[in-house]
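Q: the following comprises the amino acid sequence and a computationally predicted model.
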Amino acid sequence: MSLTMYQASIPVFVRMLDNLSGILDKAAAHAEAKKIDPAIFVNARLAPDMFPLSRQVQIATDMVKGCAARLAGIEVPSYEDNESTFSELQARIAKTKAFIESVSASQVDGSEERKITLKFGSKELSFLGQAYLLDFVLPNFHFHLTTTYAILRHNGVAIGKKDYTGDY
């Protein structure tokens, strides 16, 4: 049996969003236990020219909600990108998860050849559905998840590989 577009996307996204939520829970608990202002973590970055943690989470959720919608041929939900607390980031993750779980396998399967066009200012990228998922969305999604993890780990939050990958 071959892997479907749905199987390669939505369940993977849901699992990793759950793991991201768990990582943020640990960060919030760490901040409380150590009497650290949570905004320090939410605004932390690995390098001056990188986005802060809040933007990493925003981009990760944008990646998967956009992917689910584009593969299904439906409108991409728009979020304000104004989260500045752990609870607001958790709400964004939950909202994203609810949206992608509302997209059915029948909407996504068969989208391997669907034309996907993304606009970045004056630049335009075009993909077919399968390449969009495998070559663009999954690497970008994992990059922003990994960067979120790295920001928190760098700042002393006691998280490890299992927090990122989850239980098998």
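A: Yep, that arrived.
Q: show me what contacts the closest residue in space to residue 24 that isn't next to it in sequence?
A: In space, and not counting its chain neighbours, residue 24 is closest to residue 86: 5.5 Å by C-beta to C-beta, 6 or more residues apart in numbering. The way it works is simple: take the backbone N, C-alpha and C, and place the C-beta from them, glycine included. Contacts for residue 86 were tallied using C-beta atoms under 8 Å, 6 or more residues apart in numbering; they are 24, 27-28, 31, 38, 41-42.
Q: the closest residue to residue 128 other than its chain neighbours: neighbour count?
A: Leaving aside its chain neighbours, residue 128 sits nearest to residue 113 (5.3 Å; criterion: C-beta to C-beta, 6+ apart). Burial of residue 113, expressed as a neighbour count using other C-beta atoms under 10 Å, amounts to 9.
Q: only alpha carbons, please: show the longest helix anywhere in the chain as PDB.
A: What stands out as the longest helix in the chain, according to DSSP state H, is helix 10-33. What follows is helix 10-33 as a C-alpha-only set of coordinates in PDB (Å, rounded to 0.1, in the frame of the first residue of the first chain):
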ATOM      1  CA  ILE A  10      -2.100  15.900   8.500                       C
ATOM      2  CA  PRO A  11      -1.200  13.200  11.000                       C
ATOM      3  CA  VAL A  12       2.400  14.300  11.000                       C
ATOM      4  CA  PHE A  13       1.400  17.900  11.500                       C
ATOM      5  CA  VAL A  14      -0.900  17.000  14.400                       C
ATOM      6  CA  ARG A  15       1.700  14.900  16.200                       C
ATOM      7  CA  MET A  16       4.300  17.500  15.900                       C
ATOM      8  CA  LEU A  17       2.000  20.300  17.000                       C
ATOM      9  CA  ASP A  18       1.200  18.200  20.100                       C
ATOM     10  CA  ASN A  19       4.900  17.900  20.800                       C
ATOM     11  CA  LEU A  20       5.400  21.600  20.300                       C
ATOM     12  CA  SER A  21       2.600  22.300  22.700                       C
ATOM     13  CA  GLY A  22       4.300  20.000  25.300                       C
ATOM     14  CA  ILE A  23       7.600  21.800  24.800                       C
ATOM     15  CA  LEU A  24       5.900  25.200  25.400                       C
ATOM     16  CA  ASP A  25       4.200  23.800  28.500                       C
ATOM     17  CA  LYS A  26       7.600  22.800  29.900                       C
ATOM     18  CA  ALA A  27       9.000  26.200  29.100                       C
ATOM     19  CA  ALA A  28       6.200  27.900  30.900                       C
ATOM     20  CA  ALA A  29       6.600  25.600  33.900                       C
ATOM     21  CA  HIS A  30      10.400  26.300  33.900                       C
ATOM     22  CA  ALA A  31       9.800  30.000  33.800                       C
ATOM     23  CA  GLU A  32       7.400  29.800  36.700                       C
ATOM     24  CA  ALA A  33       9.700  27.600  38.800                       C
END
